[in-house]
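A.B. asks: model this:
(one chain, ligands or ions: 1)
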Amino acid sequence: MRTTVVTGSASGIGRATTDLLRSRGQQVIGVDLHDADVVADLSTVHGRLELVRAVDALSHGRIDGVVANAGVAQDTPADVAVNFFGALATLEGLRPLLLGSPAPRAVLTACLAILMPSDQELVDLCLALDEPGALARAEKLVEAREGGVAYASSKVALCQWMRRHADADAWAGSGIPLNAVAPGVVESPMMARLLGTEFQQAQMEAEVPMPLNGFMTPAVPARLLAWLVSEENTHLCGQVVFVDGGAEVVIRRDTTWGAGRD
Ligand SMILES: NC(=O)c1ccc[n+]([C@@H]2O[C@H](COP(=O)([O-])OP(=O)(O)OC[C@H]3O[C@@H](n4cnc5c(N)ncnc54)[C@H](O)[C@@H]3O)[C@@H](O)[C@H]2O)c1
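C.D. replies: Numbers count the residues shown, from 1 in each chain. Take a look at the predicted model:
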């Protein structure tokens, strides 16, 4: 039986992924601030260490999949602490436990917001693994009323980190596909404060156009996450897979390839 660790398992996408994997007879070790097999705060060093210690103990040192999904969109420095440094600690901290699996897999939850404005200085501080510096930069963005940029930057940095490492010995070279999903608007508790009124919904529809079926339930990205950590995924490597009802294609159209020849 496969054992998969899902962070953010108490709510939204993480909960839907946990439910789906369990309904398929798999073992899930859920991690969250509350209502989870492992209660750990991934915004803190202590919580990140506790995650690895507890998962190691519960799994007897061997897991098959990691879904680094926990995240916040508070438009505060916490977005950077949880979404980037917490996710990184999850992936790197649990990677040794994947090595004993015959089919190890890892995936993280990014966001369509990677296509929105981000802050290069904050992204660079994240990629330099300077957490105090990154939190201080995020605080400055919040003071400038650009908290949304801090959120987008945390996800941009996470995707860039993933792209820089997916092909390395530690991941692809060890037989571990490492990928990301980038959902559009998901009707989860995270989004409740942003979708409460018809006006807010219309605003969100304008910002994130989703011509294919509109906003989605958490079950939609959960199905993709479940596939990415399944044995069936043998060759998808280092990709950011948009599950967004077409928002990425509306926003980027044909700008993602075709640099052409000189
Ligand atoms: N909802 C959306 O529209 C949307 C879109 C794109 C990406 N995402 C991403 O999907 C992921 C899941 O979001 P969701 O929509 O399911 O939100 P959610 O708020 O429903 O669930 C997030 C879960 O993460 C947990 N969490 C938050 N901070 C934590 C911490 N410090 N330590 C441990 N656990 C913590 C929360 O307790 C919660 O259970 C996030 O990374 C989010 O950025 C969401």
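A.B. asks: which element is V156 on?
C.D. replies: Using DSSP states H and E, V156 sits within helix 147-165.
A.B. asks: again but with E139, I slipped
C.D. replies: Residue-wise, E139 maps onto helix 131-143 under DSSP H and E.
A.B. asks: for that helix, buried residues please.
C.D. replies: Of all the residues in helix 131-143, those buried under the rule 16 or more other Cβ atoms under 10 Å are 131, 134-135, 137-138, 141-142. For the C-beta atoms, the positions are set from N, CA and C on the backbone; glycine is no exception.
A.B. asks: need the helices for the stretch 51-200 of the chain, in chain order.
C.D. replies: Taking DSSP state H, counting those that start in this stretch, the helices of the stretch 51-200 of the chain run over residues 78-80, 87-98, 120-127, 131-143, 147-165, 198-207.
A.B. asks: dump those helices into CSV; add mean pLDDT and distance to L49 as well.
C.D. replies: Shown next, in CSV, are those (pLDDT from 0 to 100; distance: least, Cβ to Cβ, whole Å):
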stretch, mean pLDDT, distance to L49
helix 78-80, 98, 19
helix 87-98, 98, 8
helix 120-127, 98, 20
helix 131-143, 97, 14
helix 147-165, 97, 20
helix 198-207, 95, 37
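A.B. asks: looking at these, which is buried most?
C.D. replies: Compared across the helices of the stretch 51-200 of the chain, helix 78-80 shows the largest average neighbour count, a mean of 25 (mean count of other Cβ atoms under 10 Å).
A.B. asks: which residues touch the closest residue to the ligand within the stretch 51-200 of the chain?
C.D. replies: Going by Cβ to the nearest ligand atom, the ligand is nearest to G71 of the stretch 51-200 of the chain, at 2.2 Å. With contacts defined as Cβ atoms under 8 Å, 6 or more residues apart in numbering, the neighbours of G71 are 8, 79, 82-83, 87, 109, 111, 190.
A.B. asks: swap the cut-off to 10 Å and go again
C.D. replies: 7-8, 12-14, 42, 78-79, 82-84, 86-87, 108-111, 151, 154-155, 158, 190 (Cβ atoms under 10 Å, 6 or more residues apart in numbering).
A.B. asks: now N213
C.D. replies: Contact analysis of N213 by Cβ under 10 Å, 6+ apart lists 220, 245-246.
A.B. asks: for PyMOL, write a command that selects the buried ones of these.
C.D. replies: Buried residues among those (16+ other Cβ under 10 Å), as a PyMOL selection:
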select buried, resi 220+245
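A.B. asks: which one of the contacts of N213 is nearest to Q26?
C.D. replies: Checking the contacts of N213 against Q26 with Cβ to Cβ, the nearest one is V220 at 19.2 Å.
A.B. asks: from G12, how far out is the closest one?
C.D. replies: As for V220, its distance to G12 is 11 Å (criterion: Cβ to Cβ, to the nearest Å).
A.B. asks: overlap in contacts, these two.
C.D. replies: Here V220 and G12 have 186-187 as joint contacts, going by Cβ under 10 Å, 6+ apart.
A.B. asks: do a quick rundown of the strands in the stretch 1-150 of the chain.
C.D. replies: 3-7, 27-32, 38-39, 65-68, 105-109 (DSSP state E, counting those that start in this stretch).
A.B. asks: sorry, back to before: relative to the whole chain's centre, how far out is the helix holding E139?
C.D. replies: 20 Å (Cα atoms, centre = their mean, to the nearest Å).
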